[in-house]
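Novice: Fold the following and give me the result.
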Amino acid sequence: MDNKYIVDCHMHVLTKDEFDLYKKTDCANKYINIRGLYIDEMLDPYNFEEFMDNDNMYFIDSVDLDNLDNELVKIEDDLNKYQRIIAIKIYLGYQKYYANDEKIFKVAEFANNHNLSITFHCGEIYDDDGKSSYSPYSDAKFIEQLAIKYPKVNFIASHINWPNFDVLFYLCNKYDNIYTCFSGCNDGETLEEREKQNVIISDTINKYFNLYPTTKKKIMYGTDFFAVSDDYNDVSSYIKILDLLNVDEKEKVDILYNNVCRAYNTNF
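Specialist: Residues are numbered from 1 along each chain as shown. Okay, here's the model as predicted:
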């Protein structure tokens, strides 16, 4: 596969040194870097200026729902300064809001007016002990009302809503404007553990490809790299998922590139 078609749709890099670490194990040459928040259990926001000389890096700005009005003013200012912002990130679960909260409808209205997509953290979250745990707030099922009201806004439910897969793939099949990615699903500490986890990930995705063939055009490649966790430093396993999926070469290109272009209304 020619890597000119590979976009990592989900990574977290704060500095150029971290980006150098990321490049040791990744295979993409286009990157979507997601900004954090100043809240517990979350990476701090990076400085856009750190990466403005990298024409291959695109940005997802963050929004703190606890300070929403000021945050939207900040994002408006960011959009005027940094042309490669393509979406807004909402950290469901880490902030205790369901996706159908009135504040998130306000974000969706802003995204609709600025031709932006919205990316959600969905599925398990890290708890205070650094363990993954279920949060009712981060379930993708609450995105449905947004998708109906804002058909021109694309919504990305990250991490295949792990482990609540049924509703996620149902929504991706039903609504043209709901997408997902398999970033962050493999945190195995050894090569053997990563290989076993990739089988679990691919078996899960293949099950829903058989049930909903249209979802082959709704899922994206991503890694969820972040340097502060050894489990997420080596992202080489993620590209290997493609070889375990029931897809042909054209469908691989969709997962690595075309689906990302559609989800973010951007030709990378």
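Novice: So for the biggest helix by length in the chain, what gets flagged as buried?
Specialist: Once the chain is assigned using DSSP state H, the helix that runs over the most residues is helix 191-211. For helix 191-211, the neighbour count (16 or more other C-beta atoms under 10 Å) marks 194, 197, 198, 201, 202, 204, 205, 208, 209 as buried. (C-beta placed from N, C-alpha, C; glycine too.)
Novice: where does this structure dip in pLDDT?
Specialist: 1-3, 128-130 (pLDDT under 70).
Novice: Quick check: the gap between the residue lying closest to residue 235 once chain neighbours are set aside and residue 63.
Specialist: Spatial nearest neighbour of residue 235, excluding adjacent residues (C-beta to C-beta, 6 or more residues apart in numbering): residue 223 at 3.8 Å. Separation of residue 223 from residue 63 (C-beta to C-beta, to the nearest Å) stands at 23 Å.
Novice: Give me the more crowded residue out of these two.
Specialist: residue 223 (29 against 25; other C-beta atoms under 10 Å).
Novice: my guess is that one meets residue 12, correct?
Specialist: No. Using C-beta atoms under 8 Å, residue 223 makes no contact with residue 12, being 9.4 Å away.
Novice: what ranges do the helices span in the stretch 1-150 of the chain?
Specialist: Counting by DSSP state H, counting those that start in this stretch, the stretch 1-150 of the chain has helices at residues 16-23, 68-81, 102-114, 144-149.
Novice: any chance of the ones you listed in TSV, plus mean neighbour count and distance to residue 126?
Specialist: Shown next, in TSV, are the helices of the stretch 1-150 of the chain (neighbours: other C-beta atoms under 10 Å; distance: least, C-beta to C-beta, whole Å):
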stretch	mean neighbour count	distance to residue 126
helix 16-23	16	19
helix 68-81	13	22
helix 102-114	17	21
helix 144-149	16	25
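Novice: Can you add distance to residue 37 and give those back as TSV?
Specialist: Shown next, in TSV, are these (distance: least, C-beta to C-beta, whole Å):
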stretch	distance to residue 37
helix 16-23	17
helix 68-81	9
helix 102-114	14
helix 144-149	20
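Novice: between those helices, which gets nearest to residue 135?
Specialist: Shortest separation from residue 135 across these is recorded for helix 102-114, at 15.3 Å, computed as C-beta to C-beta.
Novice: which residues touch that closest one?
Specialist: 63, 65, 68, 72, 75-76, 79, 87-88, 90, 97-98, 116-118, 146, 149-150, 152-153 (C-beta atoms under 8 Å, 6 or more residues apart in numbering).
Novice: For that helix, what is the distance to the chain centroid?
Specialist: Here helix 102-114 shows a centroid-to-chain-centroid distance of 18 Å under the convention C-alpha atoms, centre = their mean, to the nearest Å.
Novice: just the angle between it and helix 68-81, please?
Specialist: In terms of direction (axes from the mean of the first three to the mean of the last three C-alpha atoms, to 10 degrees), helix 102-114 departs from helix 68-81 by 20 degrees.
Novice: Residue 175: neighbouring residues, count only.
Specialist: Neighbourhood size, residue 175 [other C-beta under 10 Å]: 18.
Novice: what comes into contact with the longest helix of the chain?
Specialist: Contacts for helix 191-211 (C-beta under 8 Å, 6+ apart): 160, 165, 169, 182, 185-188, 215-216, 219, 234, 237, 240-241, 244-247.
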